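Visitor: All I have is the shape, not the residue letters:
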């Protein structure tokens, strides 16, 4: 965080400053690596990664439902690890790789978890679905042959009011199978 | 189409497919299609077709209302009352209006007005701003000066019933009637904070109890549950000189359009309501609501699009909730189980609103000649309740279906056997049979018989729900010259998959695949469709979809017939081809046939006709079908008597919805109904602080919901129950699948422990208290 902040403060100011370098409250320029693309944008330091994705970056597939890390709807990957993007400030992301639901499919080819969600009807209203998929896909990277309890653990922070959990679990298990095939 | 009542006689498949089908004679309007055969004989209907908008949903491409952001959009934000009851003496918006970036400030409360000048719950809207960013809007709210005169308040229903309790409403502000829908009654008396009773009677209740060999009595309590839609309530209003366009996360585009036209004095043709992705409603997004009106007013004032989106705290405090209830039930029966009398007294609270009734489960589920019900609404200083997945019947079943089990025990009868004797419904009989077999009911032991600290048990309960239909529901089907097909209606997909169901229905008629049909819905530019509440969407939309497709087909046949050297009436559409009946050799592809059209497209519109044989009741655009919907659910639980933790290990849900159209989506919806019921039974509760009148858990971490770890194995069985009532004979399932879960779990907990849990939620503390291991919470 300190490193990132220093990099964004003008050299002249940094020299004069005696305490830790600061940014804000006005917007600061940051560079993010999103779905393999490097993007530069100006954000207020208080802006979360979720807000940056949905706002200036136009990646609205990531959803905000509770905005305080209780429901996991906003899950994206940072360096392959699923995190709540509403709990991370955009300026703290630095050079790490961010993957969102928009970056999961390759060209027109869906990720096996996405295909399995369609096949098993693992979605209803679809609002929790992008986050749910990001967590299931991350699970498969770590645990190629998960059991149902592994899927439950992987999505345990996710709320789905429509009650898709049984089909989500079935879909994740089936995606793991199809990847091996 | 002719509006005369010319009909023809037809024989429909009738009965439960797993039991055996017969026929039923019905009069059918001459401009409606012939009876649809049972699912076993159909190509697309009844098949587990993947939902059409799934790809967009799994790739993040779906546009929900929260994703709508027209250029120049302003951010609306609502100032809410910090006090549970206060007179608004004045509102000073000067500083807020002058804050940079603020474009409009609106007083919502009206000082000095006897009704609109009083905040009656914490979170009541007081004022609103529209600003260039959310941050500016938030900052501006803090600059609005409101002079509140605090008033005495009450947030506990029992306390509110006392004669000397603080008064939530006066005669002028108190909502009238009893709009919980079961049934709506006008002119109910108001005494203190109590509106009611709403009385329903049949037979002679005193005589019934005199005839009883046994009488059971129980008091039951259910908590307030909040909807917790993942997508918040959100609207983007765009007021322009040539008309108003509103994007809204709504369960009823056509209804919101009417509300907007009336509220803002606009002709209907200047109001458009659109919803694409819709992130859950469960009853709470049925109307325009105050936040919606605020957004439109701000847009009109600023000449810019305005988004108002509630945050999670606002969702929990002021976006509706399922009312809490108290119920006292007395049931009298003869030795053989036949019921002689049922008495129900209930008090429920929907905060400052009405709707705390407990429905018609006690009145209508079983045969009983003598019934008396007295249902009351109690006002408290809390956010208004509204419909939530099976309003009334879900809390009502929690009490009544436990009382029936208590009666079974008093009579030394198996709960399933007792129900076999007193339940006249052949559908639920079959549902009990299937459910009991699946769960292993025969192996059920006596209450509390497990020796160890973790005690297992089985329980069951039943669901009753009226089959609603929206008569004012229409749909257009178009065949385009390239052979592609469009289905259009304003009906919205709130997650149920209605679009896919309509596509299946149309594909069946046209002999095509579901993916050949493009469904355009969620826009009032199209023919007005049904609301997505009351489990009525499938019942309302599939008959006009089938009828419209059936009506457009003769035009296609007429224009394709010469190319096949056949008479139009001899043609059929099947397997992607248009063919001559009884002459398999003469056919052409559907596309080839469409290429014969003289115009770019042909089209037909149909609306929902009355059920064949008529409705039970008609109320404006809505109607009740002759038959009920319901189901039987069986639960297997494990209760840890050391910790009080209840684990639901398995639920078998056997449901009916007339003709099932998409078994895969139906299974999804039943999962949802069961899990919402499980969550209601064990976890959820809105907690209001008695001293401040605030909700102490207005979020998603302290307001507990069942998650993946609490999800049991759920077996879903959906009956095919043919009644010959419409062009599709299909009805809904969302609400019926939610009603029986909590009482089935409660009955299973009793079977596990021998201790009856009459109050929800069955938290570990409540279970330990019931087991006598810790003192009862006062």
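Guide: That came through, no problem. Treat the numbers as computed from the prediction; the structure is a model and nothing was measured. Residues are numbered from 1 along each chain as shown, chains lettered A, B, ... in the order given.
Visitor: going forward, measure contacts and count neighbours with C-alpha atoms only.
Guide: Fine.
Visitor: Give me the domain ranges for the chain.
Guide: You didn't pick a chain, so chain A it is. For chain A, automatic domain parsing gives the domain ranges A:2-15+A:25-103, A:112-180.
Visitor: not what I meant, chain B
Guide: If you go by automatic domain parsing, chain B breaks into B:65-151+B:233-309, B:157-227+B:321-402, B:425-466+B:626-770, B:472-609.
Visitor: which one of the domains of chain A is the most hemmed in?
Guide: Mean neighbour count (mean count of other Cα atoms under 10 Å in any protein chain shown) peaks for domain A:112-180 among those, with a mean of 23.
Visitor: hey, where'd the strands end up in chain A?
Guide: Secondary structure of chain A by DSSP state E: the strands cover A:28-34, A:37-43, A:75-78, A:81-84, A:97-99.
Visitor: How many neighbouring residues does residue B:253 have?
Guide: By other Cα atoms under 10 Å in any protein chain shown, 32 other residues sit near residue B:253.
Visitor: okay, and for chain A, where does confidence drop off?
Guide: A:1-18 (pLDDT under 70).
Visitor: Name the single longest helix found in it.
Guide: Criterion DSSP state H: the longest helix present in chain A is helix A:165-180.
Visitor: what secondary structure does residue B:476 sit in?
Guide: strand (DSSP: H, G, I helix; E, B strand; the rest coil).
Visitor: Which secondary structure element is home to the closest residue to it other than its chain neighbours?
Guide: Spatially, and ignoring its direct neighbours in sequence, residue B:476 is nearest to residue B:605 (4.2 Å; Cα to Cα, 6 or more residues apart in numbering or on different chains). Residue B:605 belongs to strand B:601-607 when assigned by DSSP states H and E.
Visitor: can you tell if the longest helix of chain A touches chain B?
Guide: Yes. Helix A:165-180 reaches chain B (Cα under 8 Å from any Cα of the partner chain) through A:165-167.
Visitor: Out of the residues you listed, which comes closest to chain B?
Guide: Within the residues of helix A:165-180 next to chain B, the smallest distance to chain B is 5.8 Å, found for residue A:165 (Cα to the nearest Cα).
Visitor: how far away is that closest one from residue B:651?
Guide: 14 Å (Cα to Cα, to the nearest Å).
Visitor: Check residue A:152 too.
Guide: Note on residue A:152: its distance to residue B:651, by Cα to Cα, is 18 Å.
Visitor: re earlier: how about the residue nearest to residue B:476, what does it touch?
Guide: B:474-477, B:527, B:544, B:548 (Cα atoms under 8 Å, 6 or more residues apart in numbering or on different chains).
Visitor: okay, those in a markdown table with neighbour count and pLDDT next?
Guide: Shown next, in a markdown table, are the contacts of residue B:605 (neighbours: other Cα atoms under 10 Å in any protein chain shown; pLDDT from 0 to 100):
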| residue | neighbour count | pLDDT |
| --- | --- | --- |
| B:474 | 27 | 98 |
| B:475 | 30 | 98 |
| B:476 | 23 | 98 |
| B:477 | 29 | 98 |
| B:527 | 21 | 98 |
| B:544 | 30 | 98 |
| B:548 | 27 | 98 |
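Visitor: For stretch A:45-62, measure first residue to last.
Guide: Using Cα to Cα, one end of stretch A:45-62 lies 20 Å from the other.
Visitor: Check which helix or strand whatever residue of the stretch 101-250 of chain B ends up closest to chain A maps to.
Guide: Closest contact between the stretch 101-250 of chain B and chain A, by Cα to the nearest Cα, is at residue B:230 (5.4 Å). Counting by DSSP H and E, no helix or strand carries residue B:230.
Visitor: can you give me phi and psi for residue B:381?
Guide: When read as degrees, to the nearest 10, the backbone of residue B:381 gives phi -80, psi 70.
Visitor: where does it sit relative to residue B:156, distance-wise?
Guide: Going from residue B:381 to residue B:156 by Cα to Cα gives 8 Å.
Visitor: more crowded one of these two?
Guide: Shown here are residue B:381 and residue B:156; by other Cα under 10 Å, residue B:381 has more neighbours (31 against 19).
Visitor: Report pLDDT for that one.
Guide: The per-residue pLDDT reported for residue B:381 equals 98.
Visitor: As a check, name the ranges of all helices in the stretch 51-200 of chain B.
Guide: B:54-59, B:94-97, B:134-141, B:157-161 (DSSP state H, counting those that start in this stretch).
Visitor: Point out the most buried one among these.
Guide: Taking mean count of other Cα under 10 Å, helix B:54-59 is the most buried of those, at a mean of 23.
Visitor: Could you give the average pLDDT over that helix?
Guide: Mean per-residue pLDDT for helix B:54-59: 98.
Visitor: Show me the contact partners of that helix.
Guide: Counting by Cα under 8 Å, 6+ apart, A:61, A:101-102, A:104-105, A:114, A:117-118, A:121, A:123, A:126-127, A:129-130, A:133, B:62 sit against helix B:54-59.
Visitor: Could you list which of these belong to helices?
Guide: A:114, A:117-118, A:129-130, A:133.
Visitor: which residues does the spatially most central residue of chain A bridge with?
Guide: The residue lying closest to the centre of chain A (Cα atoms, centre = their mean) is residue A:76, at 1.1 Å. Counting by DSSP bridges, residue A:76 forms beta bridges with residue A:83.
Visitor: which residues of chain B score low on pLDDT?
Guide: Using pLDDT under 70, chain B drops low at B:1-4, B:178-184, B:777-778.
Visitor: longest strand anywhere in it?
Guide: Determined from DSSP E, the single longest strand within chain B is strand B:622-640.
Visitor: following that strand, which helix or strand shows up next?
Guide: Following strand B:622-640 in sequence, per DSSP H and E, is strand B:646-656.
Visitor: residues in contact with the residue nearest to the residue of the stretch 101-250 of chain B closest to chain A when sequence neighbours are not counted?
Guide: Computed as Cα to Cα, 6+ apart, the closest residue to residue B:230 that is not its neighbour in sequence is residue A:65, at 5.4 Å. By Cα under 8 Å, 6+ apart, the contact set of residue A:65 is A:71, A:73-74, B:230-232, B:312.
Visitor: Check residue B:540 too.
Guide: Neighbouring residues of residue B:540 by Cα under 8 Å, 6+ apart: B:469-471, B:473, B:530, B:608, B:731.
Visitor: element containing it?
Guide: helix B:537-564.
Visitor: That helix to strand B:601-607, inter-axis angle?
Guide: 150 degrees (axes from the mean of the first three to the mean of the last three Cα atoms, to 10 degrees).
Visitor: residues of helix B:537-564 that come out buried?
Guide: By 16 or more other Cα atoms under 10 Å in any protein chain shown, the buried positions in helix B:537-564 come out as B:537-553, B:555-561, B:564.
Visitor: what's the answer for stretch B:619-637, then?
Guide: Using 16+ other Cα under 10 Å as the test for burial, stretch B:619-637 gives B:622-637.
Visitor: before we move on, what about stretch B:246-263?
Guide: B:246-261.
Visitor: The closest residue to residue B:398 other than its chain neighbours - how many residues pack around it?
Guide: Excluding the flanking residues, the one nearest residue B:398 by Cα to Cα, 6+ apart is residue B:743, at 4.5 Å. Residue B:743: 35 surrounding residues under other Cα under 10 Å.
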